[in-house]
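**Q** Quick check, what structure comes out for this input:
(one chain, ligands or ions: 1)
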Amino acid sequence: MEIFVSPDAAAAGAVAAGILAAVIRRKPDAVLGVATGGSPLPVYRALAGHEMDMSGVRAFALDEYVGLPAGHPQSYAAVVAHEITERLGLDPAKVAVPDGAAADPEQAAREYDAAIGAAGGIDVQILGIGHNGHLAFNEPGSDLDSRTRVEVLAARTRQANARYFSSPDDVPERCITQGLGTIMEARQLLLVVAGADKAAVLHEALNGPVTSQCPASVLQLHPHVTVVADAAAASLLSAPIPVTSVVA
Ligand SMILES: N[C@@H]1[C@@H](O)[C@H](O)[C@@H](COP(=O)(O)O)O[C@@H]1O
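**A** I've put the predicted structure just below:
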């Protein structure tokens, strides 16, 4: 595991974008795993600044709400289209998001998992972390080898995401999420974390025991994890993980 610490979220985003740009330069048809949430937004903004041809890049989103009407502005399909596909100039036909409006979401989840495999797997999976240790929407208690499936959102996650909806009651109760086992099959994991409110959970995930009670702790078992954090989020990390300070 390698950890880069930058002074603030924008600088951390630039470091993560540099890592992604290098991968895409090496492999113009790279398969990216893309995350929503606030933390990765500076990454996409910085990556757009690299002004490289990304039309060959393929992408799979991590998760999606179940039950939002098609085109809802807070559906991850809409957020991915706006913040990632358009911003980076990706080919929309090469960007996949789980189908949260499917008549049979469990079936859609299984098909999505299979589609990732059929694409040859994910080269770099961008990840954020939830305050309760969730990765994608794998809430505490998720099996460490779980596959893409329908999950019920934890109350704390619905609360955290209520800021994007007009009322907390509008936050969907269910989602489709890539499983922890699915995520762990990506060849590289790029965790982006910012803010003092994430310091305790980042410490728990990287320095604590590997347990399904903190789903992000599964990262300790992956052979190629890169963590990019701002100084506030990294403030509680302890040895033995080597930390590199970077000013982007
Ligand atoms: N499903 C997403 C996750 O993929 C994200 O990593 C996490 C943290 O979000 P943020 O970066 O906004 O704190 O919560 C969301 O609900």
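
**Q** switch to C-alpha atoms for all contacts and neighbour counts from now on
**A** Noted.

**Q** Tell me where this structure is predicted with low confidence.
**A** Applying pLDDT under 70 to the chain picks out residues 240, 242, 247-248.

**Q** what does it put close to the ligand?
**A** 35-39, 127-130, 135-137 (Cα under 6 Å from any ligand atom).

**Q** Filter these down to the ones in strands?
**A** When DSSP state E defines the strands, the subset of the residues of the chain next to the ligand inside them is residue 127.

**Q** May I see the ChimeraX selection of the buried members of the residues of the chain next to the ligand?
**A** Of these, the buried ones go into a single ChimeraX selection, burial set by 16 or more other Cα atoms under 10 Å:
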select :35,36,39,127,128,129,130,135,136,137
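
**Q** In a strand, residue 32, correct?
**A** Yes. Counting by DSSP: H, G, I helix; E, B strand; the rest coil, residue 32 falls inside a strand.

**Q** and the closest residue to it other than its chain neighbours, what helix or strand is that in?
**A** Take residue 32 and drop its neighbours on the chain: the residue closest to it by Cα to Cα, 6 or more residues apart in numbering is residue 59, 4.6 Å away. Counting by DSSP states H and E, the element that carries residue 59 is strand 58-61.

**Q** Specify the next element, helix or strand, located C-terminal of that strand.
**A** Tracing the chain C-terminally past strand 58-61 and defining elements by DSSP H and E, one meets strand 63-66 next.

**Q** what's whichever helix or strand comes after that following strand in contact with?
**A** Downstream of strand 63-66, the first helix or strand assigned by DSSP H and E is helix 76-80. Residues outside helix 76-80 that contact it (Cα atoms under 8 Å, 6 or more residues apart in numbering): 36, 61, 63-65, 71-73, 97.

**Q** Excluding covalently adjacent residues, which one is nearest to residue 46?
**A** Distances taken as Cα to Cα, 6+ apart place residue 14 nearest to residue 46, at 5.3 Å, with adjacent residues excluded.

**Q** Tell me if I'm right that that neighbour and residue 43 touch.
**A** Yes. Distance between residue 14 and residue 43: 6.1 Å, which falls inside the contact criterion (Cα atoms under 8 Å).

**Q** If you count neighbours, what's buried in the lengthiest helix in the chain?
**A** What stands out as the longest helix in the chain, according to DSSP state H, is helix 9-26. Residues of helix 9-26 classed as buried: 9-18, 20-21, 23-24 (neighbour count, 16+ other Cα under 10 Å).

**Q** in terms of contact count, name the helices or strands touching the strand holding residue 59.
**A** In terms of contacts (3 or more Cα pairs under 8 Å, 6 or more residues apart in numbering; DSSP states H and E), strand 58-61 is packed against strand 31-34, strand 95-96.

**Q** Just the C-alphas of it, formatted as CSV.
**A** Presented in CSV, the C-alpha positions along strand 58-61 are these (Å, rounded to 0.1, in the frame of the first residue of the first chain):
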residue,chain,number,x,y,z
ARG,A,58,-14.1,2.4,-20.7
ALA,A,59,-15.7,3.0,-17.3
PHE,A,60,-17.9,1.2,-14.8
ALA,A,61,-19.6,3.1,-12.0
